[in-house]
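> Below: sequence and its predicted model.
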Amino acid sequence: MSYRCKLVLLLACTAAICGCAGNSSSGSSTPAVQISPDSVNFGSLLVGTTSSPQTLTVTNNGDAPLSIGSVTLAGASASSFSLTNHCGSTLAAGASCNLQLTLLPSAPGPASASLTIADNAPGSPQSVVLAGAGTWKIPPIVIVYGATPAGIAAAIEAAKLGKQVTLLEPSQHVGGMMSSGLGFSDTYAAAAIGGIARQFFQNVDNYYAGNPSSGGGLYFEPHVAEDVFNSMLAQQSNITVVPGAVLQSVQMMGTAITGLTAGNGNTYQGGEFIDASYTGDLMAAANVSYTVGRESTAQYGEPSAGVSTPTLLGTLPIDPYMTPGDPGSGLIAHVEPDSLGAPGTADTSVMAYNYRLCVTFDKANQVPFPVPPGYDPAEFEILGRLAESASPPMQLSDFVLTNQLPNNKLDLNTHGFFSTNEVGESYGYPNGSAAQRAQIAAEQERYIQALIHFIQTDSRIPQFVRQTVNRIGLCKDEFTDNGAWPRQIYVREARRMLGTYVVTQKDVNQEVAVPDPIGVGGYTLDDHYHHIVNMNGAVYGDRKIGYRPSPYPISYRILTPPASQASNLLVPVDVSASDAAYDSLRIETTYMILGQASGAAASLAIDAQEMVQSVDYGALSTQLQQDGAVLTPP
């Protein structure tokens, strides 16, 4: 071969050009990719709901390592799919690895994308088609959080209208405060109360066979209230009650709540949600706007709003100092320095809470009041001084309020200037964590037990009062799983939603028109002490003295959040109201009325496939009236 031919060959000339023999290359190892399955269809999912994970298996069937450069999602709906990559950058010959995928549709309609793997195998990149769909269809399922009287009424109404209802209760018992000591019902004009609320009272009256001590069903033992509520729930086969379901998180798609995850590990999905808790926990978790505390008189033009003009605690001035007359000795227990704003200004305080006790004079059915560890009578110096200065002597009703219940029992509540409300202890409860709320509840339990012991034993308490309270005990046959002590603290007010309409004192006074009534209120604007303070060397209390309004219509809109925040949520307890108006709305009777309206509205929203804010009022009012509700003042 000539030198010229060899040179041309080295310069990559073909053997044919030069007339020379060619050199053949030797064989080499190659990776090979197999992906199984070769497509994934997630099916149809409610918008905002995450699918179960689907697994892709990547196998290297070649005889050389597979180098994976990237694994990516692309396509019109790529952002709706999520990828968890367990493959790494290299896959040995004969080895396999997994990719996990989920779909969270963000809009109704088809969802499509492709998963692409770029690697060093022949045919790279490889692709897998992903498909699914989102639907806006609201399923006929109503999730009610809180088996309070409001939640029970909502569940029953929705169930009667053909919906599947899941009633989630954080505790182990239904009935809220009505089954936890509030046996002497707050009420107003009987003709203003209809529907499920009226049916409950009628069922209680039937239980007692018309016994006059039940007051037509308004007065009852706590366990009877629970029994009656359970019986009413059991009549609706499409209600599932889940006790011990404490809210942990909420899933949302846009403005729609799609699911609620509870501490029991379960997620409850539905089309409509009702927050019937006393503290508005579902509402808050869904990022619905709310407020806590008192508005100023100027905000809504309400005479009863804001900080009160403080009044003397007692008929005569009570010295607030540990050593009377000596400011340097410090303040006695439960008296704060005067940090109140001017009358009518806003603040963040809530009225005092307590426990509503069920007690009896029947020795055969008594559990003695416990004396809490570390009891110190000095804690109640303010009450001792009130009793010491009183003329005429204080009576039992100046210390506690007792109302007769059936079967020789009494509902014991706060009364007078200083009683079972631990004033100032409740401020942190509305926004508190579970641990903070439990601490507040435990403190108020300790406080009441210590207070009762003080009334039973302190020499300054009139002898008749001491003797009477010493004859009273907790009821052995109530709260049998909790040592005869009520299971729930009485949360008189907590959060209040800022909804599509805020009911104010003007509504209560019927100074404004209500075009969409769903029930009638009428209870007293009943405030409790917010603060006990030292003012110029005397003890003063901060509370607004309420009045009993005429029955007034309640707007549907106070149940609905702004549509831009939550389009399938109704709130019948922590309604959209000013603090002054809430003082009248905040009783179980009215809560049941609002709960029934919520259940009806949720059902209609499902039927019409629309937001709760768009529910046709004509259809809602017709349905409620058919179900016995009273919509306008009698």
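Looks like it came in fine. Values in this document were obtained by computation on a predicted structure and should not be read as measured data.
> which SSE is Val129 in?
strand 126-135 (DSSP states H and E).
> partner strands of the helix or strand just after that strand, parallel or antiparallel?
Toward the C-terminus, strand 126-135 is succeeded by strand 141-145 as the next helix or strand (DSSP H and E). For strand 141-145, the paired strands and their directions (DSSP bridges) are strand 164-169 (parallel), strand 272-275 (parallel).
> so which of those strands is the most packed in?
strand 272-275 (a mean of 31; mean count of other C-beta atoms under 10 Å). For the C-beta atoms, the positions are set from N, CA and C on the backbone; glycine is no exception.
> if we can go back for a sec, tell me the mean pLDDT over the strand holding Val129?
If you average the pLDDT over strand 126-135, you get 90.
> same deal with stretch 98-114?
For stretch 98-114, mean pLDDT rounds to 88.
> Next: stretch 454-465.
Averaged over stretch 454-465, pLDDT sits at 97.
> quick one: Phe295 and Leu312, what's the gap?
Quick fix: residue 295 is Glu, not Phe. Going from Glu295 to Leu312 by C-beta to C-beta, to the nearest Å gives 26 Å.
> before we move on, the earlier item: adjacent strands (with direction) for the strand holding Val129?
Sheet partners assigned to strand 126-135 using DSSP bridges are listed as strand 39-46 (parallel), strand 109-119 (antiparallel).
> May I see the buried residues of the longest one?
Read it as strand 109-119. Using 16 or more other C-beta atoms under 10 Å as the test for burial, strand 109-119 gives Ala111, Ser112, Ala113, Ser114, Leu115, Thr116, Ile117, Asp119.
> next one: stretch 481-501
Within stretch 481-501, the residues that qualify as buried are 484-501, counting by 16+ other C-beta under 10 Å.
> and if you look at stretch 424-440?
Quick answer for stretch 424-440 (16+ other C-beta under 10 Å): Gly424, Glu425, Ser426, Tyr427, Tyr429, Pro430, Asn431, Gly432, Arg437, Ile440.
> Now tell me what touches that stretch from outside.
246, 279-280, 284, 292, 334, 336, 348-353, 443-444, 447, 489, 491, 493-495, 530-532 (C-beta atoms under 8 Å, 6 or more residues apart in numbering).
> With distance to Thr148 as added columns, please give the strands paired with strand 141-145 in JSON lines.
Converted to JSON lines, the strands paired with strand 141-145 look like this (distance: least, C-beta to C-beta, whole Å):
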{"stretch": "strand 164-169", "distance to Thr148": "9"}
{"stretch": "strand 272-275", "distance to Thr148": "10"}
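> Ala629: which of those is closest?
Closest to Ala629 of the strands paired with strand 141-145 is strand 272-275 (C-beta to C-beta; 16.4 Å).
> In JSON lines: the buried residues of stretch 424-440, plus distance to Pro562, secondary structure and pLDDT.
Formatted as JSON lines, the buried residues of stretch 424-440 follow (distance: C-beta to C-beta, whole Å; DSSP: H, G, I helix; E, B strand; the rest coil; pLDDT from 0 to 100):
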{"residue": "Gly424", "distance to Pro562": "33", "secondary structure": "coil", "pLDDT": "95"}
{"residue": "Glu425", "distance to Pro562": "33", "secondary structure": "coil", "pLDDT": "96"}
{"residue": "Ser426", "distance to Pro562": "28", "secondary structure": "coil", "pLDDT": "96"}
{"residue": "Tyr427", "distance to Pro562": "27", "secondary structure": "coil", "pLDDT": "96"}
{"residue": "Tyr429", "distance to Pro562": "25", "secondary structure": "coil", "pLDDT": "98"}
{"residue": "Pro430", "distance to Pro562": "20", "secondary structure": "coil", "pLDDT": "98"}
{"residue": "Asn431", "distance to Pro562": "20", "secondary structure": "coil", "pLDDT": "98"}
{"residue": "Gly432", "distance to Pro562": "25", "secondary structure": "coil", "pLDDT": "97"}
{"residue": "Arg437", "distance to Pro562": "27", "secondary structure": "helix", "pLDDT": "98"}
{"residue": "Ile440", "distance to Pro562": "30", "secondary structure": "helix", "pLDDT": "98"}
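> Kindly reformat those as a markdown table containing distance to Phe418.
Formatted as a markdown table, the buried residues of stretch 424-440 follow (distance: C-beta to C-beta, whole Å):
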| residue | distance to Phe418 |
| --- | --- |
| Gly424 | 12 |
| Glu425 | 13 |
| Ser426 | 16 |
| Tyr427 | 18 |
| Tyr429 | 20 |
| Pro430 | 24 |
| Asn431 | 27 |
| Gly432 | 25 |
| Arg437 | 24 |
| Ile440 | 19 |
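> between the residues you listed, which is nearest Glu379?
Set against Glu379, the nearest of the buried residues of stretch 424-440 by C-beta to C-beta is Glu425 (12.5 Å).
> What separation do you get for that closest one and Ala580?
Here the criterion is C-beta to C-beta. By it, Glu425 lies 22 Å from Ala580.
> and what of Lys409?
According to C-beta to C-beta, Lys409 and Ala580 sit 34 Å apart.
> Also Ile461?
Separation of Ile461 from Ala580 (C-beta to C-beta) stands at 35 Å.
> you'd agree Leu233 is in a strand?
No: with DSSP: H, G, I helix; E, B strand; the rest coil as the criterion, Leu233 is helix rather than part of a strand.
> give me the low-pLDDT residue ranges for the stretch 1-150 of the chain?
Applying pLDDT under 70 to the stretch 1-150 of the chain picks out residues 1-27, 107-108, 136.
> Now do the helices in it.
Here the stretch 1-150 of the chain has its helices, by DSSP state H, counting those that start in this stretch, at 3-10, 15-18, 149-160.
> Can you name every helix or strand that the last one contacts?
I take that to be helix 149-160. Under the contact definition 3 or more C-beta pairs under 8 Å, 6 or more residues apart in numbering; DSSP states H and E, helix 149-160 sits against strand 141-145, strand 164-169, helix 195-207, helix 222-234, strand 239-243, strand 272-275, helix 588-608.
> between it and helix 195-207, how many degrees?
100 degrees (axes from the mean of the first three to the mean of the last three C-alpha atoms, to 10 degrees).
> now helix 149-160 against helix 588-608, angle please.
Using the same axes, to 10 degrees: helix 149-160 against helix 588-608 is 30 degrees.
> on that earlier part again, which one of Glu295 and Leu312 has more residues nearby?
Between Glu295 and Leu312, counted using other C-beta atoms under 10 Å, the more crowded position is Glu295 (22 against 14).
> tell me the contacts of the more buried one?
By C-beta under 8 Å, 6+ apart, the residues touching Glu295 are Glu302, Ala305, Gly306, Ala346, Ser578, Asp579, Ala580.
> how about the residues you listed in TSV, adding distance to Leu570 and secondary structure?
Output for those, formatted as TSV (distance: C-beta to C-beta, whole Å; DSSP: H, G, I helix; E, B strand; the rest coil):
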residue	distance to Leu570	secondary structure
Glu302	25	coil
Ala305	26	coil
Gly306	29	coil
Ala346	27	coil
Ser578	20	coil
Asp579	21	helix
Ala580	23	helix
